[in-house]
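[1] build me a structure from this.
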Amino acid sequence: MLSNDADILALTETWLGTSIDKQVISEITPNGYSIHQISIKGKTGGGVAVIHKSNIEIKRSKHAQTFTHFELLECDVVVKSQHFRLCVIYRPPPSRTNKLKNSTFFEEWSEFLDRLVVIPNELLITGDLNFHLDNVNASDTRKFNETLLDHGLVQHVQGPTHNKGHTLDVVITRDNSMLVQTSPSIKDPCLFDQNGNLSGDHLALFTSLKISKPPKQRHTVSYRKFSDIKTTDFIQDLSCTKIVQNREGSVENIVNLYNTELSSIIDRHAPLKSRNIIMRPNTEWYTDELRLAKRDRRKAERRMRKSNLTVHRQIFQDTCLKASKLLLKSKKDYFSTKISDIEHDQKQLHRLTNDLMGNRREIILPSHKDEKVLADKFCEFFVGKISAIRDNLTAKNDASNYNRDTMRADIKFEDSAL
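    Sure, this is the predicted structure:
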């Protein structure tokens, strides 16, 4: 995803839905990206997801339906002033275990398309339908193509998307749409697990959409240059403060004086500065050795595509495996070293482990210029809520006119103890 600078990534068969979801989601969602996903509770397999750059506004559709024969993640995508509906679909192949039927799927599929095509915005449907769409004479393929034709839709993927040579994955738009700028290209991502085994049997689809490139995500950071403070001048100013000269008064006055004087000195010697930075994924673990391995992988991929020989495909897979192992090793070494460096700083260690376990907590506050004014607004809001609840309870109590004797708290227990 990062190597290809993907803006939006659609995934099927995520297999999310276990107790370690947070950790897995954290690992597959880099900094600057967000994720929407649907998993089937209590079942293994399946699951669909969309990972996207956070500066692209993507929201789950409020009108999405639930179907029995395919999984659906329906989202509204907004890039600047452009809108389109993104639908990620996974259809499990029928089996004796799941008791799914193609006839029922086509009923639900037609119902889904009937609702979808009346939407005024552009449409993009992608996912794994588990039909052999390359076999145009198959009855299911003909029926599927007929449903697209009846609804004014077209399927853009041409070529095998599975390692067994069949076309199972789709990219679908309206037949008069210009949303898909280039025909989807099909590439082998050569993804390996930590044991060196290929972790997928599907190829990856890449396509460019005719929408504006989203602006890079920026974040405002505030900082002070404490290293620029001249120690002698700082000590001199401290010795001249009212804190040193006046130590009388109440505790509250002394604390206020302490905060005011020290804040004034800090602002003088290390004034608070702000700047906008571009949000980038954390790649501190990216080593020179890994960079060379990725370069070799790209070289092997170009050679494989040019010759289309089996031997060059095997060389490409070997370089992918090498790069994958180096990637895991680089991350492991980086975080092991970082944990060792901060093991005595509980705050930093807690923050790092939370990030690794997927428990990121970003404090989001309304836009404000004065923190005190914002705090007062929060106070007024919650005091108002409590007052409204109290008034509502009082009104209901007065309206009920229901009186009963109440046991007062000062009644003494006079029975014998157990």
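[2] just the CA trace of whichever strand or helix holds Asp355, in PDB.
    Element membership for Asp355 (DSSP states H and E) is helix 346-356. Extracted C-alpha coordinates of helix 346-356, given in PDB (Å, rounded to 0.1, in the frame of the first residue of the first chain):
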ATOM      1  CA  GLN A 346       6.500   4.400  31.900                       C
ATOM      2  CA  LYS A 347       4.500   7.200  30.100                       C
ATOM      3  CA  GLN A 348       6.400   6.700  26.800                       C
ATOM      4  CA  LEU A 349       6.300   2.900  27.200                       C
ATOM      5  CA  HIS A 350       2.600   2.900  27.800                       C
ATOM      6  CA  ARG A 351       2.000   5.100  24.700                       C
ATOM      7  CA  LEU A 352       4.200   2.900  22.500                       C
ATOM      8  CA  THR A 353       2.500  -0.300  23.600                       C
ATOM      9  CA  ASN A 354      -0.900   1.200  23.100                       C
ATOM     10  CA  ASP A 355       0.000   2.200  19.500                       C
ATOM     11  CA  LEU A 356       1.300  -1.300  18.800                       C
END
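[3] list the buried residues of that helix.
    Buried residues in helix 346-356, counting neighbours by 16 or more other C-beta atoms under 10 Å, are absent. For the C-beta atoms, the positions are set from N, CA and C on the backbone; glycine is no exception.
[4] centre of the chain to that helix, how far?
    Here helix 346-356 is found 19 Å from its chain centre; the criterion is C-alpha atoms, centre = their mean, to the nearest Å.
[5] Ser95 should be in a helix, yeah?
    No. Applying DSSP: H, G, I helix; E, B strand; the rest coil, one finds Ser95 to be coil, outside a helix.
[6] returning to what we had before: helix or strand right after the helix holding Asp355?
    Following helix 346-356 toward the C-terminus (DSSP H and E): helix 371-400.
[7] pLDDT of that following helix, averaged?
    The pLDDT scores in helix 371-400 average 82.
[8] low-confidence stretches in the stretch 101-250 of the chain?
    Counting by pLDDT under 70, the stretch 101-250 of the chain shows low-confidence ranges at 192-199, 246-247.
[9] just the strands in the stretch 101-250 of the chain please.
    Ranges of strands within the stretch 101-250 of the chain are 122-128, 153-155, 169-174, 185-187, 204-206, 218-223, based on DSSP state E, counting those that start in this stretch.
[10] deepest in the core, which of the ones you listed is it.
    Comparing the strands of the stretch 101-250 of the chain by mean neighbour count (mean count of other C-beta atoms under 10 Å), strand 122-128 comes out on top with a mean of 23.
[11] then that one to CSV, C-alphas only?
    Once non-C-alpha atoms are left out, strand 122-128 reads as follows in CSV (Å, rounded to 0.1, in the frame of the first residue of the first chain):
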residue,chain,number,x,y,z
GLU,A,122,-20.9,8.0,-9.6
LEU,A,123,-20.7,4.3,-8.7
LEU,A,124,-17.8,2.0,-8.1
ILE,A,125,-18.3,-1.7,-7.2
THR,A,126,-15.3,-3.9,-6.5
GLY,A,127,-14.6,-7.1,-4.8
ASP,A,128,-14.5,-10.9,-5.2
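[12] I'd like the numbering to begin with 15 instead of 1 from here.
    Got it, the first residue is 15 from now on, which makes the last one we talked about strand 136-142.
[13] contact partners of that strand?
    By C-beta atoms under 8 Å, 6 or more residues apart in numbering, the residues outside strand 136-142 that reach it are 24, 26-27, 62, 97-105, 130-131, 167, 182-188, 191, 193-194, 216, 219, 223.
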